[in-house]
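S.K.: Need coordinates for the following:
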Amino acid sequence: MNNVFENIYTRRSYRCYKPDTVPAELVEKIVTAGTFAATGMNKQSPIIIAVTNKEVRDNLSRLNASIMGREDGSDPFYGAPAVIIVLADKSVSTHVYDGSLVLGNMMLAAHECGLASCWIHRAKEEFELPEGKELLKRLGVEGDYEGIGHLIVGYPDGDEPQLRPRKENYAYYID
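M.R.: Coordinates of the predicted model:
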């Protein structure tokens, strides 16, 4: 089977991670794969922020949990040591689609690198908060960006999630 198809068919979303640090070169490979995602009219509206700093990662987790209404110390990042955030320029009409394709590329790249990943929502709300805006400001990010999603990345802790059957009538064909 072609490696691309194999990755597509075998990638799963993991919700339990070992605390082991993800090597910087693997994070960079994943991020680079994201930069090669297709974007509307090649405007490249997304930006990618790779977070491996535990303090920043934990603060993002706390914000994300708060948005969920979870103040109980739960970790919506499931213990993953790396979080890769995708935001996209709101002035580009395809920004949500562009950012989604970036996340998809990075999920497949993480799988190819032998890492587990999972797309975590609430980036939109997170980067509308003063704390999210402050993080962007500290990084020197200027412009009007919308959070598209977080990709948590790390080494899986536990068994591979089972493949769920594809739903009936998922695809239609016109000959």
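
S.K.: shaky segments in this protein?
M.R.: The model of the chain has pLDDT under 70 over residues 1-2.

S.K.: Is residue 63 in contact with residue 128, as I believe?
M.R.: No. Applying Cβ atoms under 8 Å, one finds residue 63 not in contact with residue 128, separated by 10.6 Å. C-beta here means a position set from N, CA and C on the backbone, and glycine is covered the same way.

S.K.: So for the two, which sits in the more crowded spot?
M.R.: residue 63 (20 against 12; other Cβ atoms under 10 Å).

S.K.: Would you mind pulling up the elements that the longest strand anywhere in the chain packs against?
M.R.: Looking across the chain with DSSP state E, the single longest strand is strand 145-154. Applying 3 or more Cβ pairs under 8 Å, 6 or more residues apart in numbering; DSSP states H and E, we find strand 145-154 packed against helix 24-35, strand 82-89, helix 95-112, strand 116-120, helix 123-126.

S.K.: cutoff 7 Å now
M.R.: Counting contacts by 3 or more Cβ pairs under 7 Å, 6 or more residues apart in numbering; DSSP states H and E, strand 145-154 packs against strand 82-89, helix 95-112, strand 116-120, helix 123-126.

S.K.: Reformat those as JSON lines; add mean neighbour count and distance to residue 37.
M.R.: Listed next are the helices and strands packed on strand 145-154 as JSON lines, based on neighbours: other Cβ atoms under 10 Å; distance: least, Cβ to Cβ, whole Å:
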{"stretch": "strand 82-89", "mean neighbour count": "24", "distance to residue 37": "9"}
{"stretch": "helix 95-112", "mean neighbour count": "22", "distance to residue 37": "4"}
{"stretch": "strand 116-120", "mean neighbour count": "23", "distance to residue 37": "14"}
{"stretch": "helix 123-126", "mean neighbour count": "20", "distance to residue 37": "16"}
